[in-house]
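# Predicted model, plus sequence, below.
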Amino acid sequence: MSNDLNERRQFLEQQLEWSKKQALILEEIETKLYKMRELAEYVLANELSEGEAAQINHTWNELKREVAQLQQELYPLAH
């Protein structure tokens with residue numbers, strides 16, 4: 001292979017790895033968003049005690065923080 005072809009192949013391999021990493025990050029975000037949705041649906045369907053509400057709020061805020069961190073990995077220059 002010529003040098004140009006080697007460089008092109010290396011570039012494409014790097015792009016493939018980048019794409020795989022982005023896909024994994026998006027899957028993690030999706031999983032956390034589904035958990036947040038489940039929490040919201042649970043809150044709507046049930047009357048919560050103060051303790052339950054506090055625990056759900058804590059979990060919600062933790063998931064929100066984790067999503068924000070993943071978004072920073074996904075779009076490092078935008079944050």
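Received the coordinates, thanks. Numbering: from 1, shown residues only.
# Excluding residues flanking it in the chain, which one is nearest the residue sitting nearest the centre point of the chain?
Of all residues in the chain, the one closest to the mean position by Cα atoms, centre = their mean is Ile29, 2.3 Å from it. Nearest residue to Ile29, sequence neighbours excluded (Cβ to Cβ, 6 or more residues apart in numbering): Leu70, at 5.0 Å. All C-beta atoms are positioned from the backbone trio N, CA, C, and that covers glycine.
# Pull out the buried positions in the helix or strand hosting the one you found.
Assigned by DSSP states H and E, Leu70 belongs to helix 50-74. Applying a neighbour-count criterion of 16 or more other Cβ atoms under 10 Å, one finds 56, 63, 67, 70 buried in helix 50-74.
# Summarise which helices and strands the longest helix seen in the chain is packed against.
The longest helix of the chain (DSSP state H) is helix 3-45. Under the contact criterion of 3 or more Cβ pairs under 8 Å, 6 or more residues apart in numbering; DSSP states H and E, the helices and strands touching helix 3-45 comprise helix 50-74.
# what's near enough to touch the closest residue to Glu66 other than its chain neighbours?
Setting aside the residues directly before and after it, Glu66 is nearest to Lys32 in space (Cβ to Cβ, 6+ apart), at 5.6 Å. Lys32 sits next to 63, 66-67, 70 when contact means Cβ atoms under 8 Å, 6 or more residues apart in numbering.
# ok, Ile29 touching Val67?
Yes. If you go by Cβ atoms under 8 Å, Ile29 and Val67 touch, sitting 5.7 Å apart.
# returning to what we had before: okay if I get the buried residues of helix 50-74 as a markdown table plus distance to Pro76 and pLDDT?
What follows is those, written out as a markdown table (distance: Cβ to Cβ, whole Å; pLDDT from 0 to 100):
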| residue | distance to Pro76 | pLDDT |
| --- | --- | --- |
| Ile56 | 31 | 97 |
| Leu63 | 21 | 98 |
| Val67 | 15 | 98 |
| Leu70 | 11 | 96 |
